[in-house]
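[1] coordinates only, sequence not included:
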């Protein structure tokens, strides 16, 4: 049986999830275009983000299948000839769907943590904290997969409750426990960079702005909490209707998390294609095209006390600025000699130079030996 989308609870979640997924895909594409513009190599965080978007698209496709084939979003009484075979099919779909979404969230958060390491990775304490969080995320992912395997005995009892002697543990408790652990990792992922930024000697307004940027994940955490509530209120007698809300929150969590993670790394793209709107101080060549200096695009450098947030919008941390400081004899204003034309001070390079100068003025930076982070 194929169901149409005339029922609001079947149609509206699909519209919301499809729209969010398209936007998420666009931000991932723009992120990689932005990196190419800045001549950045494909990083580990980019690989995890691509993996996350593939898993997201697969889960959304499966959600369409649940709605159109299994009648998710409709009351049980509205289903045409509801039978055991249809229930088995839906349980199989949802088992795979939950696995895809859990993997997506783990890949997404690992990508974000890898990005944090790129920014603040010169701090040994921060690197240890970041790697511990990655380990927690990996254990959370495999814990969810293991739960799917051992929760019901035999495994086929996950979707076929007619198997003699089969049994399951407390499925509701298991799902809520995994969702609760997901909320905990949301908090940890959000708090990781915030704790680092709080110790920067920045003007209060600057510090609030940067903390706000890193705290966007709190909205994703709210969605995670709403999903837990939706799981608790599922009525098994009307499972196809109630489960639609839970699926909606889970998919939105993935989509919005991806959008929040990618948008800060697309500024160079927008400055390049629409400089009159977004402003630009990226150097231009004599022909009028934008010039991206090799020191910004070929390798990352960090100093012992790179306590600033200069290049967060560009997604690179403070690497190029530290190298510029080394190459120009200790002056951060050496960036200005990369090119003679600058229109304002709020583009990626311009903002990096001005904010970094301000940070160094308000920090205890005392120089130190720069060292290579990655090539």
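    Noted; the coordinates are in hand. Note that the structure is predicted; figures quoted are calculated from it, not measured.

[2] so where's the stretch 1-150 of the chain shaky on pLDDT?
    By pLDDT under 70, the low-scoring segments of the stretch 1-150 of the chain are 1, 81-85.

[3] and if we set it to 90?
    Across the stretch 1-150 of the chain, the ranges flagged by pLDDT under 90 are 1-11, 13, 31-44, 46, 66, 68-92, 115-116, 118-125, 144, 147-150.

[4] for the residue lying closest to residue 235 once chain neighbours are set aside, what are its contacts?
    Leaving aside its chain neighbours, residue 235 sits nearest to residue 242 (5.3 Å; criterion: C-beta to C-beta, 6 or more residues apart in numbering). Backbone N, C-alpha and C define where each C-beta goes, glycine included. Residue 242 sits next to 230, 233-235 when contact means C-beta atoms under 8 Å, 6 or more residues apart in numbering.

[5] out of the residues you listed, which comes closest to residue 267?
    Nearest to residue 267 among the contacts of residue 242: residue 230, at 35.4 Å, using C-beta to C-beta.

[6] SS state for the closest one?
    helix (DSSP: H, G, I helix; E, B strand; the rest coil).

[7] that one: what's it in contact with?
    Contacts of residue 230 (C-beta under 8 Å, 6+ apart): 242, 245-246, 249.

[8] tell me which of the residues you listed fall in helices.
    Under the assignment DSSP state H, those contribute 242, 245-246, 249 to helices.

[9] so which of these wins on neighbours?
    When neighbours are counted by other C-beta atoms under 10 Å, residue 246 leads the ones in helices among the contacts of residue 230 with 22 neighbours.

[10] what sits against that residue?
    Neighbour list for residue 246: 227, 230-231, 234 [criterion: C-beta under 8 Å, 6+ apart].

[11] again with residue 70
    So residue 70 contacts 86, 89-90, 93, 240 (C-beta under 8 Å, 6+ apart).

[12] check residue 205 too.
    Contact partners of residue 205, counting by C-beta under 8 Å, 6+ apart, are absent.

[13] any idea how far the strand or helix carrying it is from the chain center?
    If you go by DSSP states H and E, residue 205 is part of helix 204-214. In terms of C-alpha atoms, centre = their mean, to the nearest Å, the centre of helix 204-214 is set 19 Å apart from its chain centre.

[14] what comes up buried for it?
    Neighbour counts using 16 or more other C-beta atoms under 10 Å place 206-207, 210-211, 213-214 of helix 204-214 among the buried residues.

[15] and of those residues, the nearest to residue 267?
    residue 213 (11.7 Å).

[16] ok, the closest one to residue 40 distance?
    Look at residue 213 and residue 40: by C-beta to C-beta, to the nearest Å, they are 20 Å apart.

[17] for residue 189, same thing?
    23 Å.

[18] repeat for residue 119
    Distance of residue 119 to residue 40, computed by C-beta to C-beta: 13 Å.

[19] ok, now residue 2?
    Residue 2 sits 46 Å away from residue 40, going by C-beta to C-beta.

[20] quick one: which of the two has more around it?
    Legend: neighbour count by other C-beta under 10 Å for residue 2 and residue 40, higher for residue 40 (24 against 7).

[21] double-check that that one belongs to a strand.
    No - Residue 40 is assigned coil when assessed by three-state DSSP, not a strand.

[22] still on that earlier bit, which of the contacts of residue 246 are buried?
    227, 230-231, 234.

[23] for residue 13, which residues are in contact?
    Taking C-beta under 8 Å, 6+ apart, we find residue 13 in contact with 63, 67, 73, 244-245, 247-248, 251.

[24] list the buried residues in the host helix or strand of it.
    For residue 13, the element it lies in under DSSP H and E is helix 8-37. By neighbour count on 16+ other C-beta under 10 Å, the buried set for helix 8-37 is 9-10, 13-14, 17, 20-21, 23-25, 27-28, 30-32, 34-35, 37.

[25] which helix runs longest in the chain?
    The chain, longest helix under DSSP H: helix 84-120.

[26] next, the angle from whichever helix or strand comes after that helix to helix 84-120.
    Per DSSP H and E, helix 84-120 leads on to helix 124-150 as the next helix or strand towards the C-terminus. Taking axes from the mean of the first three to the mean of the last three C-alpha atoms, to 10 degrees, one finds that helix 124-150 is oriented at 170 degrees with respect to helix 84-120.

[27] and the next element down the chain from helix 124-150?
    Following helix 124-150 in sequence, per DSSP H and E, is strand 152-153.

[28] any idea which helix or strand comes after that next one?
    By DSSP H and E, the next helix or strand past strand 152-153 is strand 167-168.

[29] list of residues touching that following strand?
    Residues outside strand 167-168 that contact it (C-beta under 8 Å, 6+ apart) are 151-153, 157-158.

[30] for it, which strands pair with it and how are they oriented?
    Note on strand 167-168: by DSSP bridges, its sheet partners are strand 152-153 (antiparallel).

[31] what's next to the partner strand, contact-wise?
    So strand 152-153 is contacted by 158, 166-169, 171 (C-beta under 8 Å, 6+ apart).

[32] let's see it at 6 Å
    The contact list for strand 152-153, computed with C-beta atoms under 6 Å, 6 or more residues apart in numbering, reads 158, 168.

[33] what do you get for stretch 87-95?
    66, 70, 158-160.

[34] ok, residue 20 - contacts?
    252, 255.

[35] what's the distance between it and residue 264?
    Per C-beta to C-beta, residue 20 is found 18 Å from residue 264.

[36] show me the chain divided up by domain.
    Per automatic domain parsing, the domain ranges recorded for the chain read 8-265, 269-374.

[37] if we can go back for a sec, which of the contacts of residue 70 count as buried?
    The neighbour-count test (16+ other C-beta under 10 Å) marks 86, 89-90, 93, 240 as buried among these.

[38] got those as TSV, with distance to residue 109 columns?
    Listed next are the buried ones among the contacts of residue 70 as TSV, based on distance: C-beta to C-beta, whole Å:
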residue	distance to residue 109
86	35
89	31
90	28
93	25
240	30
